[in-house]
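Participant: Below are the sequence and a predicted model for it; my questions follow.
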Amino acid sequence: MKYRSLGKTNLRVSVIGIGTWQLGGEWGKDFTQSEVDAMFDACRGVGINLIDTAECYGDHTSERLIGGAIQRDRDKWVVATKFGHQFHGHMKRTDERSPADVLKQLEESLKALRTDHVDLLQYHSIADEEFENEALQQTLIKLKQQGKVRHIGNSIRGNADDRQTKQSEKAQVETLQVIYNRLDRRPETRDFPYAIEHRLGVLARVPLASGYLSGKYKPGAHFGGNDFRATHKQEEIDRKLREVERIAKEEVPAGVPMAQWALAWCLQHPAVSCVIPGCKSVEQVKSNAAAAELPMVRADHPQAWKG
């Protein structure tokens with residue numbers, strides 16, 4: 001495993017993290033504690049130390065499973081969670097983003113995670129006007145001062161513009177989480193220059209483009225049941241998978257699994273601190289971690305930060 005500084009925080013994170021939306025039950029599978037324990041044992045074995053979760057991956061379901069898996073060595077992990085939504089059922093959420101909401105959600109997250117602090121608390125896909133609410137910003141800053149939150153981050157909704165990114169300093173945001181993968185490169189011009197200039201850590205989410213870059217699917221693939229990809233339009237699925245076929249043929253070196261290549265591809269950019277792929281098994285944890293061994297992945301980029 002290789003490690004990078006998470007921007008100007010004092011956190012040292014594995015370049016491969018573990019995204020845990022799947023543990024909430026919306027990826028077509030419900031997980032037992034023993035299955036999650038085994039996955040986190042695998043993380044320990046390969047050197048993964050960053051966990052990205054959220055209040056609405058289930059009703060704190062993902063956080064509870066994580067809490068059970070890491071309670072014996074909590075201080076060895078970098079735990080990043082989020083606030084801003086209330087889970088009501090499969091793909092059903094309401095927005096709850098007042099100062100009172102963040103206090104309530106954080107206390108529930110801490111209880112679920114079995115900890116007295118989170119290393120990173122992130123705004124979770126909130127609207128620009130909500131992010132700019134000074135009372136909300138001050139609430140997070142006070143939680144940081146109290147020690148319940150060590151650092152503040154912003155998991156930005158979609159890839160529309162850089163309005164929130166450019167207000168990071170005012171809100172004392174130290175990390176950005178953005179959708180970034182070989183099929184969606186917009187952060188390269190939208191967010192990354194600012195992140196490098198201001199030393200913001202970057203977590204690249206959806207690095208496998210919701211599994212389309214895993215190499216497992218061909219055009220015509222269908223998703224059903226509780227798989228969130230069942231909500232995607234079939235023509236869009238086929239368009240992406242045709243592009244994936246082209247990339248596999250023209251860009252992926254022979255003998256390199258496409259999923260590992262896709263993770264390593266994200267890590268070539270000097271702004272990116274860590275990629276956070278989801279996984280459903282011990283085998284996928286190990287496969288994701290192996291991406292850090294590809295020659296295209298470096299440890300800290302000396303050229304990433306100015307000054």
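Facilitator: Nice, thanks for sending it over.
Participant: Identify the single longest helix in this structure, thanks.
Facilitator: helix 234-250 (DSSP state H).
Participant: Pull out the buried residues from it.
Facilitator: Of the residues in helix 234-250, I237, K240, L241, E243, V244, I247 count as buried by neighbour count, 16 or more other Cβ atoms under 10 Å. Every C-beta, even on glycine, is put in place using the N, C-alpha and C of the backbone.
Participant: Among those residues, which has the minimum pLDDT value?
Facilitator: Least confident of those in the model: I237, at 82.
Participant: Leaving out sequence neighbours, find the closest residue to that one.
Facilitator: In space, and not counting its chain neighbours, I237 is closest to A221: 6.6 Å by Cβ to Cβ, 6 or more residues apart in numbering.
Participant: Surely the one you found and R242 touch.
Facilitator: No - the pair A221 and R242 does not pass the contact test of Cβ atoms under 8 Å, sitting 11.3 Å apart.
Participant: returning to what we had before: dump the buried residues of helix 234-250 to CSV, plus distance to H117.
Facilitator: Formatted as CSV, the buried residues of helix 234-250 follow (distance: Cβ to Cβ, whole Å):
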residue, distance to H117
I237, 40
K240, 39
L241, 42
E243, 42
V244, 40
I247, 41
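Participant: Quick one: residues in contact with stretch 215-227.
Facilitator: 25-29, 90, 211, 229-230, 232, 234, 237-238, 241-242, 244-245, 248, 257-259 (Cβ atoms under 8 Å, 6 or more residues apart in numbering).
Participant: The same query, at a cut-off of 6 Å, please.
Facilitator: G28, H90, R229, A230, D238, L241, R242, M258, A259 (Cβ atoms under 6 Å, 6 or more residues apart in numbering).
Participant: just the strands in this protein please.
Facilitator: 3-5, 12-14, 18-19, 50-52, 78-83, 85-89, 92-95, 120-124, 152-155, 175-179, 201-205, 274-275 (DSSP state E).
Participant: now for the last one, which elements pack on it?
Facilitator: Looking back up the chat, that one is strand 274-275. The helices and strands touching strand 274-275, judged by 3 or more Cβ pairs under 6 Å, 6 or more residues apart in numbering; DSSP states H and E, number zero.
Participant: Now do that strand, average pLDDT.
Facilitator: 97.
Participant: Figure out how far that strand is from the centre of its chain.
Facilitator: In terms of Cα atoms, centre = their mean, to the nearest Å, the centre of strand 274-275 is set 7 Å apart from its chain centre.
Participant: again with the fifth one
Facilitator: Computed by Cα atoms, centre = their mean, the chain-centroid distance of strand 78-83 equals 9 Å.
Participant: Adjacent strands (with direction) for that strand?
Facilitator: Next to strand 78-83 in the sheet, as set by DSSP bridges, lie strand 50-52 (parallel), strand 120-124 (parallel).
Participant: and K76, which of the ones you listed is closest to it?
Facilitator: strand 50-52 (10.9 Å; Cβ to Cβ).
Participant: List the buried residues of the closest one.
Facilitator: Neighbour count says strand 50-52 has L50, I51, D52 buried, by 16+ other Cβ under 10 Å.
Participant: Please name the bridge partners of G153.
Facilitator: Beta-bridge partners, per DSSP bridges, of G153: Q122, T175.
Participant: can you count the residues close to it?
Facilitator: 30 (other Cβ atoms under 10 Å).
Participant: wait, isn't it in contact with Y123?
Facilitator: No - look at G153 against Y123 with Cβ atoms under 6 Å: they stay out of range, at 7.3 Å.
Participant: all helices of the stretch 201-307 of the chain, in order?
Facilitator: 234-250, 258-267, 282-290 (DSSP state H, counting those that start in this stretch).
Participant: Run the angle between the second one and strand 201-205 for me.
Facilitator: For helix 258-267 and strand 201-205, the angle between their directions (axes from the mean of the first three to the mean of the last three Cα atoms, to 10 degrees) works out to 150 degrees.
Participant: and helix 258-267, what other elements does it pack with?
Facilitator: Packing partners of helix 258-267 (3+ Cβ pairs under 6 Å, 6+ apart): none among the helices and strands.
Participant: Would you mind measuring from the closest residue to A204 other than its chain neighbours to L267?
Facilitator: In this structure, A204 finds its nearest non-sequential neighbour in Y180, 4.1 Å apart by Cβ to Cβ, 6+ apart. Between Y180 and L267 the distance is 10 Å, computed by Cβ to Cβ, to the nearest Å.
Participant: the more surrounded of these two?
Facilitator: Neighbours per residue (other Cβ under 10 Å) separate Y180 from L267, with Y180 holding more: 27 against 24.
Participant: shaky segments in the stretch 51-200 of the chain?
Facilitator: Filtered on pLDDT under 70, the stretch 51-200 of the chain yields the residue ranges 159.
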